[in-house]
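1. Got a predicted model here, sequence first, then my questions.
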Amino acid sequence: AVGNMLDKFARIIKLSNDPSPGYNIEQMALKYVKYKNNIVDRLIELPYSVKGMDVSFAGILTKITKIVKDNQKNGKNDKTEYFNEYLCYCLQETIFSMLIEITERAMAHVGSNEVLIVGGVGCNKRLQEMMGIMCQQRNAKVYGMDQRYCIDNGAMIACAGLKMFMSDDGMKNGIKLEDSTVTQRYRTDEPYVTW
């Protein structure tokens, strides 16, 4: 959900997919911070939707899209000095704050003192920095994966599928193709994990 939202925002402000939209957003945000000599402006107020350990990014994307379109309509364009960089900075700070909040809540809920950051968004240095600050305040440790393993890739999905297939949940005999299904927005907290 986070990576998808960042990808959509990158398309709105016409950022390249090379090497990845999330990386390019991170670089734009850094460019803004350097431009401001580390004294950044107040964040644009974006919707902050956290309920328990669920987050919603739909309102954020809607609001930031409107800001971009209003900026263009008012005679400004994507070349307005550091405007897109500022938006990237505000977006990152808001969504990463949401992720830190739910991570801290999850840690308290399960009594953990460790966090492992994975996934494509997990490559973001600012997210790692913010997570590190939260962990330091809780006397916890944060770990990051080698970036080669932090991107969305078939190997991670295949490994999870194999573990599920080999588990004792009745799938060892296989599933006929016509009996198989796809759940596009599969919630990782819903399945009963037996492996």
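-> Nice, I can see it.
2. show me where pLDDT drops low in the chain?
-> 76-81, 149, 151-156, 168-175, 184-189, 195 (pLDDT under 70).
3. for it, which helix is longest?
-> helix 83-110 (DSSP state H).
4. tell me, how many neighbours does the spatially closest residue to Asn24 that is not a sequence neighbour end up with?
-> Take Asn24 and drop its neighbours on the chain: the residue closest to it by Cβ to Cβ, 6 or more residues apart in numbering is Leu15, 4.5 Å away. C-beta here means a position set from N, CA and C on the backbone, and glycine is covered the same way. Look at Leu15: counted by other Cβ atoms under 10 Å, it has 22 neighbours.
5. just Arg126 next, same as before
-> By the criterion of other Cβ under 10 Å, Arg126 has 16 neighbours.
6. One more: the one 4 residues further on?
-> Summarising burial for Met130: neighbours were counted as other Cβ under 10 Å, giving 19.
7. Pull the contacting residues for it.
-> By Cβ atoms under 8 Å, 6 or more residues apart in numbering, Met130 lies in contact with 96-97, 100.
8. From the contact counts, what lies against the strand or helix carrying Ile64?
-> Using DSSP states H and E, Ile64 sits in helix 58-73. Contact here means 3 or more Cβ pairs under 8 Å, 6 or more residues apart in numbering; DSSP states H and E; on that basis helix 58-73 packs against helix 2-12, helix 83-110.
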